[in-house]
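K.L.:
3D model of this:
(2 chains, ligands or ions: 1)
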Amino acid sequence: MAKSLFDKVWDAHAVRDLSAGQTQLLIGAHLIHEVTSPQAFGMLRELGLKVHMPERTFATVDHIVPTDERAEPFSDQLADAMIKELRRNCEEFGVTYFDIASGRQGIVHVVGPEQGITQPGTTIACGDSHTSTHGAFGAIAFGIGTSQVRDVLATQTLAISKPKLRRINVDGELQPGVYAKDVILYIIRKLGVKGGNGYAYEYGGEVFDRFNMEERMTVCNMSIEGGARVGYVNPDEKTFEYLKGRPYSPKGKEWDAAVERWKALASDPGCAYDDVVNFRAEDILPSVTWGITPGQGVFIDETIPDPDEVGEAERDAVTEALEHMKLKPGAPIKGTPIDVAFLGSCTNARLTDFQEVARYLRGRKVASGVKAIVVPGSMAVGKICEELGIDRVFKDAGFEWRGAGCSMCLAMNPDKLVGDQLCASSSNRNFKGRQGSPVGRTILMSPLMVAAAAVTGEISDAREVFGIESPTLVGA
Amino acid sequence: MALEKITKVEGKAVYVPGDDIDTDRIIPARFMKCITFDGLGEFAFYDVRKNEDGSDKKHPLNDPRHAGATIMLSGSNFGCGSSREHAPQALHKAGFRGIVAESYAEIFFGNSTTLGIPCFTAGRQQIRELAAAIDADPELTVELDVENEVIRCGGKEYPGALRDSARNSLLSGRWDPIAELIEGTEQVDELARRLNYV
Ligand code: SF4
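P.N.:
Numbers count the residues shown, from 1 in each chain, chains lettered A, B, ... in the order given. Down below sits the predicted model:
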């Protein structure tokens, strides 16, 4: 019988049924970081348990690390205590730890793939909701809470219910200046921020076939913003190409065998889905959010909604969002002045994200009064950008070039918005207070749109700012 | 590890209106710089409860009439966003033992169940009625009957739903799955060997 990748991976990893009706699911790779793991290790100690498969557990530090002064001790004592705790836990329990000294540190969802830990057909868990990122490789990856981190540490398994499966096709061709970020913001807007509750998403279609691995990661990353805990793309030659030669990828004969195995994992033609949704690439334009959920967005040429003109069901939410964002109902979103431009996060801080921006940024300057920072997703991304001179392009334009970490995506380190600053951000969440100031404001967009906003000092259409030819602009 | 069987929770209630209340709102990230969950209770909903100078804003959780509430009522997609267990931990430490909302984000739902917090779903209309009842008389007790999936308040009954796996685990005292997961260790190791994992 034709089977989906999801079913194949789930069935292969199901240990047994649990009494309450959930499944005990084996986890192939467990990724941990400093914020959601210390309590889990504390619980292990309390229960007198060990890490069951330390060789399948990998740690890094990303959420709290400073991106400027990176030598320990950190000036923030609480952050310093957390990093010391993580080191102690990894040493005591025999867990591999990619710290700053290793040169492999970075955001956990950038590090996993880049080290070759993320592989097709495996299951991955991490105490972080953007674990869905790893699905770009045809892995089934779950964001989990801290008690579940404890469960995986102690048993290498999770108690979990099987979700339903929705196939999302995006066919056709994206217009120039439209990116993976725009695709996922569009999907979230169309299906709603809770549309994916109870579902795993399988993304496919011509657009995904053409996407490189980093673009696939951008989309899978934000599955959770649409409510789906799991999102994935079937593995193909691009997947194998990306993984070849990575530190934890299989080598030699084992590599060939692995590729054969991985090829057989893709969803079989004609397999069953609980739901199928089809989108056209041509309908998607550069997008920005205007509100306080990732689903509150518009295309760059559209206007900010007016609470009086939306349906009753949405009215309160729109009013609350606009109050927080201090935006005028009915006004164009384009031209909204910004204070900060942030290029970073596990959504959009990989090599190709920065390469694409650098292509257009050369010779341009950040507008006066705008604070612009670039935070590579990992030390490895930072290093290769420096080798290629990409860092120079950013620095010459007036961006600050930082060390790797989550930084202003959630502002647990010193990088924060101040007061009601408005930030053009390549990250994934625009919740109230997300970027460190309770009254701070976030507008989500693609990296190139962030660069356009940085250069003009206001929310702008990157296609106009950087002279990108677009069929819809011709004669407009 | 025998856990308490949770057949019902009851107490005073408070209504925190709004849809898509995310876990950043429930516990802002800066309070997660901690290595235990112990002190989180006082920071629950901090940024919507407090002004920047630390004084109280007008917020249901600051309303003395609802002080000591153990049941929280809210809107749809409650607990969306970050997977941080710090969110249900903060609510638990703040004294909450049950939640009634129109719907939940999945990770939050699982995290809460693992802490023994029943997350009931109810219709928008029912939640508004409950909110109106406790607003009129904040001393009213709201009871979440896990066994019968019923919400009782002021002599009235409202249908409330709880996912089967959560209901079973609460009723059987297996809402924290660790003991049962450990029981499966032999099978786990065998499967890992078969999958060439070890
Ligand atoms: S970059 Fe942001 S979303 Fe990604 S793991 Fe870090 S804090 Fe979470």
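K.L.:
can we go C-alpha only for contacts and neighbour counts from here?
P.N.:
Will do.
K.L.:
tell me which parts of chain A are close to the ligand?
P.N.:
Contact residues (Cα under 6 Å from any ligand atom) of chain A with the ligand: A:63, A:107, A:130, A:345-346, A:406, A:409-410.
K.L.:
for A:P414, helix, strand, or coil?
P.N.:
coil (DSSP: H, G, I helix; E, B strand; the rest coil).
K.L.:
contacting residues for the residue nearest to it when sequence neighbours are not counted?
P.N.:
Distance criterion Cα to Cα, 6 or more residues apart in numbering or on different chains; nearest residue to A:P414, sequence neighbours excluded, is A:P66 at 6.4 Å. A:P66 makes contacts with A:74, A:403, A:405, A:407, A:413-415, as judged by Cα atoms under 8 Å, 6 or more residues apart in numbering or on different chains.
K.L.:
Between the residues of chain A next to the ligand, which sits nearest A:G28?
P.N.:
A:G28 lies nearest to A:H130 out of those, by Cα to Cα, at 17.2 Å.
K.L.:
Near the closest one, how many other residues are there?
P.N.:
Close neighbours of A:H130, defined as other Cα atoms under 10 Å in any protein chain shown, add up to 29.
K.L.:
Enumerate every residue touching it.
P.N.:
By Cα under 8 Å, 6+ apart, A:H130 lies in contact with A:109, A:143, A:221-224, A:346.
K.L.:
Let's have those residues in JSON lines, adding secondary structure.
P.N.:
Output for the contacts of A:H130, formatted as JSON lines (three-state DSSP):
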{"residue": "A:H109", "secondary structure": "helix"}
{"residue": "A:G143", "secondary structure": "strand"}
{"residue": "A:N221", "secondary structure": "helix"}
{"residue": "A:M222", "secondary structure": "helix"}
{"residue": "A:S223", "secondary structure": "helix"}
{"residue": "A:I224", "secondary structure": "helix"}
{"residue": "A:C346", "secondary structure": "coil"}
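K.L.:
Against chain B, which of these make the cut? List them.
P.N.:
With Cα under 8 Å from any Cα of the partner chain as the criterion, the contacts of A:H130 include A:143, A:224 near chain B.
K.L.:
my read: A:T352 touches A:E214, true?
P.N.:
Yes. Counting by Cα atoms under 8 Å, A:E214 is a contact partner of A:T352 at 7.0 Å.
K.L.:
quick one: which of these two has more around it?
P.N.:
Using other Cα under 10 Å, the more surrounded residue of A:T352 and A:E214 is A:E214, with 22 against 16.
K.L.:
Let me know the pLDDT of the more buried one.
P.N.:
Looking at A:E214, its pLDDT reads 98.
K.L.:
Quick check: it is in a strand.
P.N.:
No. Going by three-state DSSP, the assignment for A:E214 is helix, not a strand.
K.L.:
what helix or strand is residue 9 on?
P.N.:
You didn't pick a chain, so chain A it is. Secondary structure assignment for A:V9, by DSSP states H and E: helix A:5-13.
K.L.:
please go with chain B instead
P.N.:
Assigned by DSSP H and E, B:V9 falls within strand B:8-11.
K.L.:
Restricting to C-alpha, output that strand in CSV.
P.N.:
C-alpha atoms of strand B:8-11 as CSV (Å, rounded to 0.1, in the frame of the first residue of the first chain):
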residue,chain,number,x,y,z
LYS,B,8,-11.6,16.8,38.9
VAL,B,9,-10.2,20.2,39.8
GLU,B,10,-12.1,23.1,41.2
GLY,B,11,-11.8,26.5,42.6
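K.L.:
list the contacts for the residue in the stretch 351-476 of chain A positioned nearest to the ligand?
P.N.:
The ligand sits closest to A:C406 of the stretch 351-476 of chain A, with a gap of 4.0 Å, by Cα to the nearest ligand atom. Taking Cα under 8 Å, 6+ apart as the criterion, A:C406 is in contact with A:62-65, A:107, A:344-346, A:375, A:377.
K.L.:
Now it. Nearest residue, chain neighbours left out?
P.N.:
Closest residue to A:C406 apart from its sequence neighbours, by Cα to Cα, 6+ apart: A:H63 at 5.1 Å.
K.L.:
Show me the strands in the stretch 301-450 of chain A, by range?
P.N.:
Counting by DSSP state E, counting those that start in this stretch, the stretch 301-450 of chain A has strands at residues A:340-343, A:371-374, A:400-401, A:422-425, A:441-444.
K.L.:
likewise chain B?
P.N.:
Remark: strands assigned in chain B by DSSP state E are B:8-11, B:13-15, B:71-73, B:98-101, B:119-121, B:142-145, B:150-153, B:156-159.
K.L.:
circling back: got a list of contacts for the helix holding A:V9?
P.N.:
For helix A:5-13, using Cα under 8 Å, 6+ apart, the contacting residues are A:25-27, A:121-123, A:138-140, A:165, A:234, A:265-268, B:191, B:195.
K.L.:
Among the contacts of A:H130, find me the one that's closest to A:R364.
P.N.:
Using Cα to Cα, those come closest to A:R364 at A:C346, 25.7 Å.
K.L.:
what's the spacing between that closest one and A:A451?
P.N.:
Here A:C346 is placed at a distance of 17 Å from A:A451 (Cα to Cα, to the nearest Å).
K.L.:
More neighbours: which of these two?
P.N.:
Neighbour totals were compared for A:C346 and A:A451, and A:A451 leads with 34 against 28 (other Cα under 10 Å).
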